[in-house]
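In: The following comprises the amino acid sequence and a computationally predicted model.
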Amino acid sequence: MLSRAASLSLGGTLRRQTARGFSSTPAALDQYDVVVVGGGPGGYVAAIKAGQMGLRTACVEMRGALGGTCLNVGCIPSKALLTSSHHFHDAKHHFADHGISVGDVTMDVGKMLDAKAKTVQGLTGGIEHLLKKHKVDYFKGKGSLSGPNGVSVALNEGGSESLDAKNIVIATGSEVTPLPPVPVDNAGGKIVDSTGALDIDKIPGSMAVIGGGVIGLEMGSVWSRLGSKVTVIEFMDRLCPAMDQELTKKFQTTLKKQGFKFKLKTKVMKSEVVGDSVAITTEPSKGGDQTTENYDVVLVATGRRPYTDGLGLENLGIQTDKLGRIEVDSHFRTAVPSIYAIGDCIDGPMLAHKAEEEGIAAVETIAGYAGHVNYDAIPGVIYTFPEVASVGKTEEELKEAGVKFNKGTFPFAANSRARANATGNSEGFVKILADKETDKMLGIHIMGPNAGEMIAEGVLGMEYGASSEDVARTCHAHPTLSEAFKEACMDAYDKPIHF
């Protein structure tokens with residue numbers, strides 16, 4: 001990222017630059033400095049940043065609405081449903097604990113979906129306004145590479161546009177990875193993917209979630225809270241295998257208390273829609289006897305893959321790896337120096353905020369500045385209740401690397417604000433991993449209320465090389481949930497006070 005001083009001085013200097021950081025293509029009156037292919041979190045942020053820096057910019061998006069998967073059929077609509085279902089569950093099961101009597105509580109699924117749609121519509125329109133504000137031209141259509149400095153756009157309304165660009169940023173995102181034994185049919189509403197799960201219009205009696213990762217557990221939580229009996233089928237021996245094991249073990253126990261059932265180390269062999277239900281046949285991951293169970297709805301949530309279909313990468317010699325990710329250098333350049341790639345279509349976690357950071361860094365690099373992303377400080381969050389959030393190394397990763405560390409933990413059950421909030425807020429803990437020699441924080445893992453907000457303190461600390469003692473000696477307001485973070489840091493370098 002640029003320093004604040006550099007950012008302030010940039011506006012007055014950038015327009016006077018000539019070819020600094022650009023390709024050697026001769027300037028043309030109608031040539032763009034940057035054309036961004038893809039209008040998701042990485043793409044639209046890159047386009048806005050380029051516009052802010054005085055670069056003539058265009059953004060190409062085939063969906064017809066900005067925000068990509070995240071805003072249209074991912075992060076944002078799923079959070080809207082999680083919020084609505086959490087309110088319903090609280091009213092039905094916990095209001096009485098606070099002396100609130102509301103009688104029979106029911107859910108109008110149609111109104112819940114309307115609220116979700118209204119949220120999405122407002123945000124997508126806001127992004128389009130931001131593009132206009134920063135003088136970014138917006139083309140609605142599918143973009144493809146016509147050369148090292150050309151983007152061809154098949155417009156959604158018919159016809160085409162040819163854009164000439166000094167630099168191109170590919171930000172085409174990702175798509176759902178298909179699971180051959182369980183073909184998705186969102187229109188049919190029986191076997192759905194993460195997109196289809198957002199539009200289920202009645203509460204299923206039972207639901208199978210294939211895949212014990214972030215998307216499956218979040219959407220499973222929505223329908224579990226509303227009354228569905230949810231079974232998670234996972235090939236591996238635990239949930240969210242990339243996360244800290246102590247964290248995910250506690251997380252699974254908590255979800256079981258909420259009514260989730262789990263079939264771990266289980267492989268899905270086939271599926272069949274029979275009337276109003278779906279028959280799912282499974283067997284142990286290592287082989288064995290098959291069993292078949294019926295569910296009202298099946299959600300396939302086995303991951304995502306880069307979306308580069310029709311871009312024309314092969315025509316320019318731009319390489320992809322075995323997972324279909326575009327290969328880039330440390331400055332996001334592909335094998336073609338004038339073409340960059342960011343976000344889900346390159347290596348790294350498929351997270352909207354990671355794509356945003358890369359979009360800004362790539363544009364700063366294009367402008368001749370030192371764009372940079374610290375991949376050791378990219379947080380990940382699961383927005384269930386309680387939430388789960390992590391950043392940095394897991395305990396298992398540190399042990400495997402032979403790094404000696406201190407571990408500090410603090411339970412929310414010993415946190416006064418969590419106890420005062422009641423209704424499940426005292427579930428979980430904060431875990432701090434710090435280097436044994438230097439006390440520098442190496443990993444932070446939280447399961448608890450507002451973990452997704454609390455992790456930001458840890459990310460900031462890690463970004464600036466803080467020690468656990470630095471945080472422990474920082475005054476935290478009382479009573480707050482963040483005091484659990486402070487006390488976990490105290491436990492890492494010394495001893496906590498309240499546990």
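Out: Cool, the structure landed. Numbering: from 1, shown residues only.

In: And what about the closest residue in space to G227 that isn't next to it in sequence, helix, strand or coil?
Out: Sequence neighbours aside, I203 is the residue nearest to G227 in space, at 5.4 Å (criterion: Cβ to Cβ, 6 or more residues apart in numbering). For the C-beta atoms, the positions are set from N, CA and C on the backbone; glycine is no exception. Classification of I203 using DSSP: H, G, I helix; E, B strand; the rest coil returns coil.

In: tell me the contacts of I203?
Out: By Cβ atoms under 8 Å, 6 or more residues apart in numbering, the contact set of I203 is M107, V109, W223, L226, G227, S228.

In: can you tell me which of those residues are in helices?
Out: V109, W223 (DSSP state H).

In: how about the strands in the stretch 251-400 of the chain?
Out: Under the criterion DSSP state E, counting those that start in this stretch, the stretch 251-400 of the chain contains strands at 261-263, 266-274, 277-284, 291-295, 297-300, 304-306, 339-341, 380-382, 387-392.

In: just so I know, which of these lies nearest L71?
Out: strand 304-306 (15.5 Å; Cβ to Cβ).

In: The closest one pairs with which strands, and in what direction?
Out: strand 174-176 (antiparallel) (DSSP bridges).

In: Could I get the average pLDDT for the helix or strand following the partner strand?
Out: As assigned by DSSP states H and E, the chain's next helix or strand after strand 174-176 is strand 191-192. Computed over strand 191-192, the mean pLDDT rounds to 98.

In: partners of strand 191-192 in the sheet?
Out: Strand 191-192 is paired, per DSSP bridges, with strand 297-300 (parallel).

In: need the contact list for L66.
Out: By Cβ under 8 Å, 6+ apart, the neighbours of L66 are G39, G40, Y44, C59, T124, I127, E128, L131, Y138.

In: Specify which member of those is nearest to E246.
Out: Nearest to E246 among these: G40, at 33.4 Å, using Cβ to Cβ.

In: what about that closest one, distance to N186?
Out: Noted for G40: a distance of 20 Å to N186, by Cβ to Cβ, to the nearest Å.

In: who's more crowded, the two?
Out: Comparing G40 with N186 by neighbour count (other Cβ atoms under 10 Å), the higher total belongs to G40, at 32 against 17.

In: how about a markdown table for the contacts of I203, with pLDDT added?
Out: Output for these, formatted as a markdown table (pLDDT from 0 to 100):
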| residue | pLDDT |
| --- | --- |
| M107 | 97 |
| V109 | 98 |
| W223 | 98 |
| L226 | 98 |
| G227 | 97 |
| S228 | 98 |
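
In: neighbour-wise, which of the contacts of I203 leads?
Out: Neighbour-wise, those (other Cβ under 10 Å) top out at W223, 23 neighbours.

In: Quick check: chain neighbours aside, which residue is closest to it?
Out: M207 (5.4 Å).

In: The one you found is in what secondary structure piece?
Out: Going by DSSP H and E, M207 is in strand 206-210.

In: Report the distance from that strand to the chain centre.
Out: 22 Å (Cα atoms, centre = their mean, to the nearest Å).

In: That one pairs with which strands, parallel or anti?
Out: strand 229-233 (parallel), strand 297-300 (parallel).

In: tilt between the first one and strand 277-284?
Out: Orientation of strand 229-233 against strand 277-284 (axes from the mean of the first three to the mean of the last three Cα atoms, to 10 degrees) gives an angle of 40 degrees.

In: tilt between strand 229-233 and strand 291-295?
Out: Using the same axes, to 10 degrees: strand 229-233 against strand 291-295 is 140 degrees.

In: if we can go back for a sec, any chance of the strands of the stretch 251-400 of the chain in JSON lines, plus mean pLDDT, distance to S146 and mean neighbour count?
Out: Formatted as JSON lines, the strands of the stretch 251-400 of the chain follow (pLDDT from 0 to 100; distance: least, Cβ to Cβ, whole Å; neighbours: other Cβ atoms under 10 Å):
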{"stretch": "strand 261-263", "mean pLDDT": "98", "distance to S146": "49", "mean neighbour count": "17"}
{"stretch": "strand 266-274", "mean pLDDT": "97", "distance to S146": "41", "mean neighbour count": "16"}
{"stretch": "strand 277-284", "mean pLDDT": "98", "distance to S146": "44", "mean neighbour count": "18"}
{"stretch": "strand 291-295", "mean pLDDT": "98", "distance to S146": "47", "mean neighbour count": "16"}
{"stretch": "strand 297-300", "mean pLDDT": "98", "distance to S146": "35", "mean neighbour count": "27"}
{"stretch": "strand 304-306", "mean pLDDT": "97", "distance to S146": "21", "mean neighbour count": "20"}
{"stretch": "strand 339-341", "mean pLDDT": "98", "distance to S146": "12", "mean neighbour count": "29"}
{"stretch": "strand 380-382", "mean pLDDT": "98", "distance to S146": "37", "mean neighbour count": "21"}
{"stretch": "strand 387-392", "mean pLDDT": "98", "distance to S146": "40", "mean neighbour count": "24"}
